[in-house]
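>>> Next come a sequence and a model predicted from it.
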Amino acid sequence: MRTRPAVVLLLAAAVVFVGCSTRNENAPPRQYTIEQFYNTVSAAGGSFSHDEQTLLYTNDSSGIFNAYTVPVTGGESTPLTSSKETTFAVSFFPHDNRVLLRRDKGGNEIYHIYLREEDGTERDLTPGEKNRALFFGWAHDLSSFFFLSNKRDPRYMDLYEMDIANFRPKLVYKNEKGYSVEAISNDKHLIVLSKDHTEHNNDIYLLDIRSGKRTHLSPHEGDVLYGVVDFTPDAKSLYYLTNAHHEFMYLAKMDLAGLRSEVIDKPAWDIMFGGLSWNGKYLYTGINVDAKTVVKVVETATMKPVELPQLPDGDISSVAFSRSEQRLRFYASSPRTSADLYVYDLAGKQHTRLTRTMNPEIDPNDLAAIEVVRYKSFDGLRIPALLMKPWLAPGAKAPGIVQVHGGPGGQTRIGYNPFYQYLVNHGYAILMVNNRGSSGYGKTFFGLDDHKHGQDDLMDCVKGKDYLISTGLVNADKVAIVGGSYGGYMVLAALSFQPDAFDAGVDLFGVANWVRTLKSIPPWWTAFRDALYQEIGNPETEEDYLRKISPLFHAENIKKPLLVLQGANDPRVLKVESDEIVEKVKANGVPVEYIVFDNEGHGFTKKANRIKGYKAIRLFLDKYLKGEPGA
């Protein structure tokens, strides 16, 4: 379920085919196991040490995400934590080698911020069984950091400042009306707040902490979205994103004294994010170009583009500057290669590769490229999608998969996905559908699924199956639908409302009963609950409608085999959702398999669970689409 469209930052030209092959296309590729695919390391984040000689980052080489350090000049990574709970590296301290970490329990999303001392001892800085805390950034004077927490009221995230001399938090902003904190000025005097009205309409406000004066920065009529980038270092101006009078989000800059704005960059696609380097020397943005985001970096004084490294077959992602603004860290990957961490020296224009995450047993040339395609839906609307083709002998056809992303306003993006590559490597053709309501294609497309969930967007997926068959790659009687979260709901909706459309379904933690899900949303989602109700439906006033679109109340229609995967601690889609749909489908006499991971939440972070779950999916599909027991 969505708050804002999720963004993956990539630097590459908008292309139709991604990746190139040097192997013999007439010979089948080598086939790999799920263990080999997941012996590839997943890495994320990156914080420079105070002397900028070391990077702190997260990887799952131990099987569970933990914190590691690596020299910026290259070398072996050193583990800092060995937790049995998923642990993410947050930041080095500004003057020493202490670090901040983030951890929850079993995927329950009750995140806490931990201090790791240089001797390895840890301390929970935000204790409380039900208290959720999220790091918000260092104060510019480097004497404290800001964080958000709902410890005062479980519904709302207040803003606190933590003095690192004594680790006593101070309440900065008491959030009593469901606002979201978006930015803090370097002098700590001003903050920007946002208020969601619907998924397509919000407002931003400037709050002077000293006087309590609040200024409305975004008076408008109709549906307009605003996203905050950052204050300028002198706090006289604000960079922000908006789609006012435009189909896509663009970058603008507002003079806060006169509330006058100027357009900075207005491309033909959404600008999905932006930011300033520590002292404002550089401005960076990410433009969502047909499921790939082009990263742009400019010098703010001149708006002159900064030259970024050119890597063969590489897409740059997750850009962040060092505090000196002399170094840049980023990840580079492609659809056939996993993401590796790099450091780039801006003055010397030299980059250093710090990790080698890809399992060396896997030859990238054996893996599939990704093709951007479009097809017509039931009403003539052109639907964007990504196509992955398996190797096929002449005249052969493959079983097919229609994959549906989460959200509902997410977007399937071009990039390396070991699970999809595993399925294609084992002979499946995959069409990843960006159905109506997906982000990245303008505000009109984004709003087309409102109050039509499991209806028009589902038909986009059904027509995706038709498109897949029309390519000639796929056997028309062997197509499954697969999805997670909202995509899992779409799987259940397909089997319930279009029971003859697909030959099997795989539901990963999908909503079965919208009435219960919307009534039981986590308390920390209260700030945008009304926007969620506006888009999907209000369980207090529209229960009949929500029952109509909830697969649980129509499960008697399900007659095709179903596999369900669920995390026991999922706070978004409760385990009871999957329990009940499985029970209903079993009562139909339909083959149904059910896997529950006791130590996971909304998504599977532990490598052993991903291996078990994703292998089970392939064996299930082999059984019901290929007629094979699998291995």
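Right, received. Where do you want to start?
>>> Skip the chain neighbours and tell me the closest residue to residue 382.
In this structure, residue 382 finds its nearest non-sequential neighbour in residue 374, 4.8 Å apart by C-beta to C-beta, 6 or more residues apart in numbering. The way it works is simple: take the backbone N, C-alpha and C, and place the C-beta from them, glycine included.
>>> That neighbour and residue 385, how far apart?
Note on residue 374: its distance to residue 385, by C-beta to C-beta, to the nearest Å, is 7 Å.
>>> In a helix, residue 611, correct?
Yes: under the criterion used here (DSSP: H, G, I helix; E, B strand; the rest coil), residue 611 sits inside a helix.
>>> and residue 441, that's in a strand?
No: Residue 441: not assigned to a strand; according to three-state DSSP it is coil.
>>> Between residue 374 and residue 385, which is the more surrounded one?
Between residue 374 and residue 385, counted using other C-beta atoms under 10 Å, the more crowded position is residue 385 (25 against 12).
>>> The residue nearest to residue 250 when sequence neighbours are not counted: what's it in contact with?
Using C-beta to C-beta, 6+ apart and skipping residues adjacent in sequence, the residue nearest residue 250 is residue 266, 4.0 Å away. When the contact criterion is C-beta atoms under 8 Å, 6 or more residues apart in numbering, the partners of residue 266 are 246, 250, 251.
>>> of all those residues, which comes closest to residue 236?
residue 251 (17.4 Å; C-beta to C-beta).
>>> where along the stretch 401-550 of the chain do the helices fall?
Secondary structure of the stretch 401-550 of the chain (DSSP state H, counting those that start in this stretch): helices located at 418-425, 443-446, 456-470, 486-497, 514-519, 529-536, 543-548.
>>> Point out the most buried one among the ones you listed.
Ranked by mean neighbour count under mean count of other C-beta atoms under 10 Å, the helices of the stretch 401-550 of the chain are led by helix 486-497, which reaches a mean of 28.
>>> who wins for neighbours among the contacts of residue 266?
residue 250 (23 neighbours).
>>> From residue 197, how far out is that residue?
Distance from residue 250 to residue 197, by C-beta to C-beta: 21 Å.
>>> what's the answer for residue 443, then?
Using C-beta to C-beta, residue 443 is found at 14 Å from residue 197.
>>> Might you report the residue contacts of residue 549?
453, 454, 455, 493, 514, 537.
>>> show me where pLDDT drops low in the stretch 501-631 of the chain?
For the stretch 501-631 of the chain, the stretches with pLDDT under 70 are 630-631.
>>> Can you list the residue ranges for strands in it?
In the stretch 501-631 of the chain, the strands defined using DSSP state E, counting those that start in this stretch lie at 504-508, 562-567, 592-597.
>>> Show me the shaky parts of this structure.
1-24, 312-313, 630-631.
>>> Longest strand of it, counting residues only.
Ranked by residue count and defined by DSSP state E, the top strand of the chain is strand 474-484.
>>> between that strand and strand 562-567, how many degrees?
Per axes from the mean of the first three to the mean of the last three C-alpha atoms, to 10 degrees, the angle that strand 474-484 makes with strand 562-567 is 20 degrees.
>>> mind listing what's buried in strand 474-484?
474, 475, 478, 479, 480, 481, 482, 483, 484 (16 or more other C-beta atoms under 10 Å).
>>> can you redo these as JSON lines with distance to residue 282?
Output for these, formatted as JSON lines (distance: C-beta to C-beta, whole Å):
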{"residue": "474", "distance to residue 282": "47"}
{"residue": "475", "distance to residue 282": "52"}
{"residue": "478", "distance to residue 282": "51"}
{"residue": "479", "distance to residue 282": "47"}
{"residue": "480", "distance to residue 282": "46"}
{"residue": "481", "distance to residue 282": "44"}
{"residue": "482", "distance to residue 282": "40"}
{"residue": "483", "distance to residue 282": "38"}
{"residue": "484", "distance to residue 282": "36"}
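>>> Can you pick out the most distant pair from those residues?
Across the buried residues of strand 474-484 (C-beta to C-beta), the longest gap, 24.6 Å, separates 475 and 484.
>>> picking up where we left off before, quick check, nearest of the contacts of residue 266 to residue 553?
Using C-beta to C-beta, the contacts of residue 266 come closest to residue 553 at residue 246, 40.5 Å.
>>> Now the closest one: closest residue in space that isn't a chain neighbour?
Residue 246 sits nearest to residue 266 (C-beta to C-beta, 6+ apart), 6.9 Å away.
>>> ok, back up a step: and of the contacts of residue 266, the nearest to residue 228?
When those are compared against residue 228 (criterion: C-beta to C-beta), the nearest one is residue 251, at 11.5 Å.
>>> Assumed the closest one was part of a strand.
Yes: per three-state DSSP, residue 251 lies within a strand segment.
>>> where exactly do the strands run in the stretch 101-250 of the chain?
112-116, 122-124, 133-138, 144-149, 158-163, 169-173, 180-184, 190-198, 201-208, 214-216, 226-231, 237-242, 250-255.
>>> follow-up on the earlier one: mutual contacts of residue 374 and residue 385, please.
By C-beta under 8 Å, 6+ apart, no residue touches both residue 374 and residue 385.
>>> in what helix or strand does residue 294 lie?
strand 292-299 (DSSP states H and E).
>>> list the buried ones in that strand?
So, applying 16+ other C-beta under 10 Å, buried residues of strand 292-299: 292, 293, 294, 295, 296, 297, 298.
>>> can you check stretch 396-416 too?
Neighbour-count burial for stretch 396-416, counted by 16+ other C-beta under 10 Å, picks out 397-416.
>>> re earlier: got CSV for the strands of the stretch 101-250 of the chain, with distance to residue 351 too?
Formatted as CSV, those follow (distance: least, C-beta to C-beta, whole Å):
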stretch, distance to residue 351
strand 112-116, 29
strand 122-124, 33
strand 133-138, 26
strand 144-149, 29
strand 158-163, 34
strand 169-173, 38
strand 180-184, 30
strand 190-198, 34
strand 201-208, 36
strand 214-216, 43
strand 226-231, 25
strand 237-242, 27
strand 250-255, 26
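>>> So which of the ones you listed is nearest residue 76?
Of these, nearest to residue 76 by C-beta to C-beta is strand 112-116, at 19.4 Å.
>>> Show me where the stretch 1-150 of the chain has its helices.
So, for the stretch 1-150 of the chain - with DSSP H, counting those that start in this stretch - the helices run 34-38.
>>> hmm, back to that, quick check: beta-bridge partners of the residue nearest to residue 382?
Beta-bridge pairing of residue 374 under DSSP bridges involves residue 384.
>>> could you list every residue that touches it?
382, 383, 384, 385.
>>> Thank you kindly, that will do.
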